[in-house]
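**Q** Got a predicted structure plus its sequence, pasted below:
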Amino acid sequence: MGSNQSWVTEFILVGFQLSAEMEVLLFWIFSLLYIFSLLANGMILGLICLDPSLHTPMYFFLSHLSVIDMSYASNNVPKMLANLVKQNRTISFVPCIMQTFLYLGFAATECLILMVMSYDRFVAICHPLHYTVIMNWRVCTVLAVTSWSCGFILALAHAILLLSLPFCGPREVNHLFCEILSVFKLASGDTWINQVVILAASVLVLLGPLCLMLVSYMRILWAVLKIQSKDSRRKAFSTCSSHLCVFGLFFGIAVVVYMVPDSNQREEQEKTLSLFHSLFNPMLNPLIYSLRNAQGKGALYRALQKKRSI
């Protein structure tokens, strides 16, 4: 490293290259989506805590998913919103690395929690008589703790490897936030070890859970087809199809970003795709998993009735 080079102390988040009027419009749209996702997930958490009928394994894992979604969005969106309305789009080195660490930690944990939720549905539909024995509270707690631990251990490994890289050259991160692949491009050293670890982690927390979920839902589909009642079969299909849509969007976008070879033409597309994970997915999860099923709607109705009676 030459003596005339100095360590980068801050980065510039490029974001979208749009007119000022369009960026102000996006600021209000993204703000509304962010607030709605926080309120929706917060409402789900409140209902789960207050309503005893929701103290079940499915809603236990859903409460973790809500916490992840609120944290995931809050890690990226506030800085993104601030950059839409101000000219100074810098972020210091340490906050940038911390944002990358939290982004990866919450993303990996969500992948694992979604896999656990698909296993919970598999047991509930395919082995209903043994459900309470298989999915007891000890097992649920172990699965949740393991998901969080594995997610953040992987994120910590990525962060440590990222900190070992020298950053002495360009400062412009061509993304909406400190996304790890965009930060890699600014490193002055060789990043092949980091790239290999990213690929290995993607196989572990993306392809692995995705394959297990597909197997689970194939078994669920087979079990649903054997149900005699048309009404019960319709409800089961409705629930499973909603879950599969969320899985497909979440994992499909992640696979495209982290496992498909990179190209300059994809950089702008990846910015748009990242909005799904940061804004739309946290907003869709509570709607699909809670407010579209009878238990969730019933809990909301009871909460509203209780409020009116006070």
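**A** Great, that's in hand.
**Q** What is the longest helix anywhere in the chain packed up against?
**A** Here the longest helix in the chain is taken by residue count, with DSSP state H as the criterion, and it is helix 93-126. Here helix 93-126 touches strand 10-13, helix 57-84, helix 131-134, helix 137-163, helix 180-184, helix 208-225, helix 230-259, going by 3 or more Cβ pairs under 8 Å, 6 or more residues apart in numbering; DSSP states H and E. C-beta coordinates here come from the backbone N, C-alpha and C atoms, glycine included.
**Q** out of those, nearest to residue 49?
**A** The closest of the helices and strands packed on helix 93-126 to residue 49 is helix 57-84. By Cβ to Cβ, the value is 7.8 Å.
**Q** I'd assumed residue 91 was in a strand, is it?
**A** Yes: judged by DSSP: H, G, I helix; E, B strand; the rest coil, residue 91 forms part of a strand.
**Q** ok, it touching residue 8?
**A** No: in this structure residue 91 lies outside contact range of residue 8 using Cβ atoms under 8 Å: 11.2 Å.
**Q** Need the helices and strands packed on helix 93-126 in JSON lines (columns: mean pLDDT).
**A** Listed next are the helices and strands packed on helix 93-126 as JSON lines, based on pLDDT from 0 to 100:
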{"stretch": "strand 10-13", "mean pLDDT": "88"}
{"stretch": "helix 57-84", "mean pLDDT": "91"}
{"stretch": "helix 131-134", "mean pLDDT": "92"}
{"stretch": "helix 137-163", "mean pLDDT": "94"}
{"stretch": "helix 180-184", "mean pLDDT": "87"}
{"stretch": "helix 208-225", "mean pLDDT": "85"}
{"stretch": "helix 230-259", "mean pLDDT": "73"}
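**Q** Now those in CSV, please, with extra columns for mean neighbour count and distance to residue 22.
**A** Putting these into CSV (neighbours: other Cβ atoms under 10 Å; distance: least, Cβ to Cβ, whole Å) gives the following:
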stretch, mean neighbour count, distance to residue 22
strand 10-13, 18, 17
helix 57-84, 21, 9
helix 131-134, 13, 51
helix 137-163, 16, 32
helix 180-184, 20, 22
helix 208-225, 16, 35
helix 230-259, 16, 23
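**Q** closest one to residue 123 among the ones you listed?
**A** Judging the helices and strands packed on helix 93-126 by Cβ to Cβ, what sits closest to residue 123 is helix 131-134, at 5.1 Å.
**Q** Need the contact partners of the closest one.
**A** Contacts with helix 131-134, where a contact means Cβ atoms under 8 Å, 6 or more residues apart in numbering, come from 123-124, 127.
**Q** thinking again about what came up before, residue 91 and residue 8: which is more packed in?
**A** When residue 91 and residue 8 are compared on other Cβ atoms under 10 Å, the one with more neighbours turns out to be residue 91, at 22 against 18.
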